[in-house]
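Trainee: predicted model follows, preceded by the sequence.
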Amino acid sequence: MCVVGLGYIGLPTAAMLASRGLAVIGVDTKPSTLGAVANGETPFVEPDLAELVRRAVAAGSLTVAAVPAPADAFVIAVPTPVNADRSPDLSHVFAAVDSICPVLRPGALVVLESTSPPGTTARVAQRIAERRPDLAAPGGDMAVEIAYCPERVLPGRVVHELRFNDRIVGGLTPRAASRAGVLYRTFCEGEIMPTDAVTAEMAKLVENAFRDVNIAFANELSVVCENLGVDVRELIALANHHPRVSILSPGPGVGGHCIAVDPWFIAAADPASTRLIQCARRVNDSMPAWVGARVEAALAETQAPTVVALGLAFKANIDDLRQSPAREVVARLAQAHPDGVIRVVEPHVSALPAELAARSNVELVSFETAFAGADAVVLLVDHDAFRTRPPDLAPDIPVIDTRGLWR
């Protein structure tokens, strides 16, 4: 096995495969990642993963390399961000495909896991055929099997969900789907659901767009309720007693590598027909500015304020800061108050991200030392460490609680 990309999905997948006795080579472009994994360490926080990686490396079933090696099967798990114009950026996928082309052998299986717009798996096959014409038959058939198997895991529960969640396997051919299913069956105890590649690509995007639309409804409700003087969380609790209503909890926006990105892939495929999906994205993207405005209103009479910002991750109890709305809120506050101090509490990281570390008025502090002399608090992430209001926080200090922890 060769797994290209040892990030939040690739490394757990590689470790799961290795734990089932397969010989796995993990490939990554970051020397720091390769060095950490080679030492049996994980370069990010994910429950249960550290022990899985340590055992796999100690057993010799998981090794690392800077470039792919010949293998019976390849899994590509690299980032797929969006460009500034919100179009899909597939450069990492195509770079990964190019890296495996020299070592592909007839009969190999290539599985794309990276979240991708519809048609990407077919483009992967075309790219392989262009770079390795010896693997392409005159009728368009390939001497390698190519499939798409989207990850469907929740950060903080990745190891558990890799094992127990159902998996969609979409092949460019039925045989490719079948072979991919056999591969994932080595560690997946959920249902393996075969389909074609483009349906599998759409399934992952639709799952996250569905969640994004529902989150946008809750977030829009929070804005309306603030304007009307209604407690949005009490309102939602009451409305959810209806047997067919299940409104989600509002927050400061949507982050992470999936929900904040994937809906744009559907919109890019059919811009004219995705008005609701695009509207939901804009609602959720607008939330950090709205939260920032609420903090500003609370500080209207304060010069050079000290603001405590609780959390930077995009969700609770992880160290993943990708697309985090909390980062945007903190950046807005730092820009609005160059003479003030923004104290950031994020117990899951040891350093601020670059765009905040570069600001002299932003500092990373502990929860225990954050509140002395604070003029306002904004609670952005519902980490377990934040669930109890600190006793030394004066009752008259304004608290903008975007997660409803201190109600």
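Mentor: Done, it's in. Numbering: from 1, shown residues only.
Trainee: am I right that Ile25 is in a strand?
Mentor: Yes: assessed with DSSP: H, G, I helix; E, B strand; the rest coil, Ile25 lies in a strand.
Trainee: with adjacent residues omitted, what lies nearest to it?
Mentor: Beyond its immediate neighbours in the sequence, the residue positioned closest to Ile25 (C-beta to C-beta, 6 or more residues apart in numbering) is Cys2, lying 4.8 Å away. C-beta: built from backbone N, CA, C; applies to glycine.
Trainee: swap in Ala77?
Mentor: Using C-beta to C-beta, 6+ apart and skipping residues adjacent in sequence, the residue nearest Ala77 is Gly10, 3.5 Å away.
Trainee: helices and strands around the host helix or strand of Ala200, which ones?
Mentor: In this assignment (DSSP states H and E), Ala200 forms part of helix 197-228. Packing contacts for helix 197-228, counted by 3 or more C-beta pairs under 8 Å, 6 or more residues apart in numbering; DSSP states H and E, involve helix 120-131, strand 145-148, strand 167-171, helix 232-239, helix 262-269, helix 275-298.
Trainee: nearest approach to Gly404 belongs to which of these?
Mentor: Taking C-beta to C-beta as the criterion, helix 232-239 is the member of those that comes nearest to Gly404, at 4.8 Å.
Trainee: picking up where we left off before, so the residue nearest to Ala77 touches Pro79, yeah?
Mentor: No: at 9.9 Å, Gly10 does not count as touching Pro79 under the criterion of C-beta atoms under 8 Å.
Trainee: more neighbours: which of these two?
Mentor: Residue environment comparison for Gly10 versus Pro79 gives the larger neighbour count to Gly10, 25 against 18, counting by other C-beta atoms under 10 Å.
Trainee: quick one: contacts for that one?
Mentor: For Gly10, the contact set (C-beta atoms under 8 Å, 6 or more residues apart in numbering) comprises Val3, Val4, Gly26, Asp28, Val75, Ala77, Val78, Glu113.
Trainee: and the pLDDT for it?
Mentor: As summarised for this prediction, Gly10 has a pLDDT of 97.
Trainee: can you give me phi and psi for it?
Mentor: phi -60, psi -40 (degrees, to the nearest 10).
Trainee: His383 now?
Mentor: The phi/psi pair for His383 (degrees, to the nearest 10) reads phi -60, psi 150.
Trainee: and the closest residue to it other than its chain neighbours, how many neighbours?
Mentor: Leaving aside its chain neighbours, His383 sits nearest to Ala316 (5.3 Å; criterion: C-beta to C-beta, 6+ apart). Ala316: 18 surrounding residues under other C-beta under 10 Å.
Trainee: still on that earlier bit, most neighbours per residue, which of the helices and strands packed on helix 197-228?
Mentor: For the helices and strands packed on helix 197-228, the stretch with the most neighbours on average is strand 145-148, a mean of 28; neighbours defined as mean count of other C-beta atoms under 10 Å.
Trainee: what are the buried residues along whichever helix or strand comes after it?
Mentor: Moving toward the C-terminus from strand 145-148, the first helix or strand encountered (DSSP H and E) is helix 158-164. Under the neighbour-count criterion of 16 or more other C-beta atoms under 10 Å, helix 158-164 has Val158, Val159, Glu161, Leu162, Arg163 buried.
Trainee: what of stretch 207-226?
Mentor: For stretch 207-226, the buried set under the neighbour-count rule, 16+ other C-beta under 10 Å, comprises 207-209, 211-213, 215-216, 218-223, 225.
Trainee: cool, stretch 197-207 as well?
Mentor: Residues of stretch 197-207 classed as buried: Ala197, Val198, Ala200, Glu201, Met202, Ala203, Lys204, Leu205, Glu207 (neighbour count, 16+ other C-beta under 10 Å).
Trainee: who's in contact with it?
Mentor: Defining contact as C-beta under 8 Å, 6+ apart, one finds that stretch 197-207 is touched by 115-122, 146-152, 168-172, 176, 195, 262-263, 265-266.
Trainee: so for it, mean pLDDT?
Mentor: For stretch 197-207, mean pLDDT is 97.
Trainee: where does the stretch 51-200 of the chain dip in pLDDT?
Mentor: 138-140 (pLDDT under 70).
Trainee: switch the cut-off to 90
Mentor: When residues are selected by pLDDT under 90, those of the stretch 51-200 of the chain lie in 86, 136-142, 151-152, 154-156.
Trainee: now do the stretch 251-400 of the chain
Mentor: Under the criterion of pLDDT under 90, the regions of the stretch 251-400 of the chain flagged as low confidence span 256-258, 300-301, 391-392, 394.
Trainee: got the contact list for the closest residue to Ser61 other than its chain neighbours?
Mentor: Computed as C-beta to C-beta, 6+ apart, the closest residue to Ser61 that is not its neighbour in sequence is Ala18, at 4.0 Å. For Ala18, the residues meeting the contact criterion (C-beta under 8 Å, 6+ apart) are Met1, Val24, Ala56, Ala59, Ser61, Leu62.
Trainee: which helix or which strand is home to Ala18?
Mentor: Assignment of secondary structure by DSSP H and E places Ala18 within helix 10-19.
Trainee: then Gly253?
Mentor: Element membership of Gly253 [criterion: DSSP H and E] is none; it lies in no helix or strand.
Trainee: isn't it right up against Arg281?
Mentor: No: counting by C-beta under 8 Å, Arg281 is not a contact partner of Gly253; they are 10.7 Å apart.
Trainee: re the thing from before, how much space is there between the residue nearest to Ala77 and Thr33?
Mentor: 10 Å (C-beta to C-beta, to the nearest Å).
Trainee: and what of Glu234?
Mentor: Distance, Glu234 to Thr33, using C-beta to C-beta: 45 Å.
Trainee: Ala197 too?
Mentor: According to C-beta to C-beta, Ala197 and Thr33 sit 28 Å apart.
Trainee: could you list the domains of this structure?
Mentor: By the assignment in automatic domain parsing, the chain contains the domains 2-190, 287-401.
Trainee: return the residues in contact with Val377.
Mentor: Taking C-beta under 8 Å, 6+ apart as the test, what Val377 contacts is Val307, Val308, Ala309, Leu310, Phe371, Leu393, Ile397, Pro398, Val399, Ile400.
Trainee: of these, closest to Ala289?
Mentor: Ile400 (13.3 Å).
Trainee: and the most centrally placed residue in the chain, what helix or strand is that in?
Mentor: Relative to the mean C-alpha position of the chain, the nearest C-alpha, by C-alpha atoms, centre = their mean, is the one of His257, at 2.8 Å. Here His257 is covered by no helix or strand, with elements defined by DSSP H and E.
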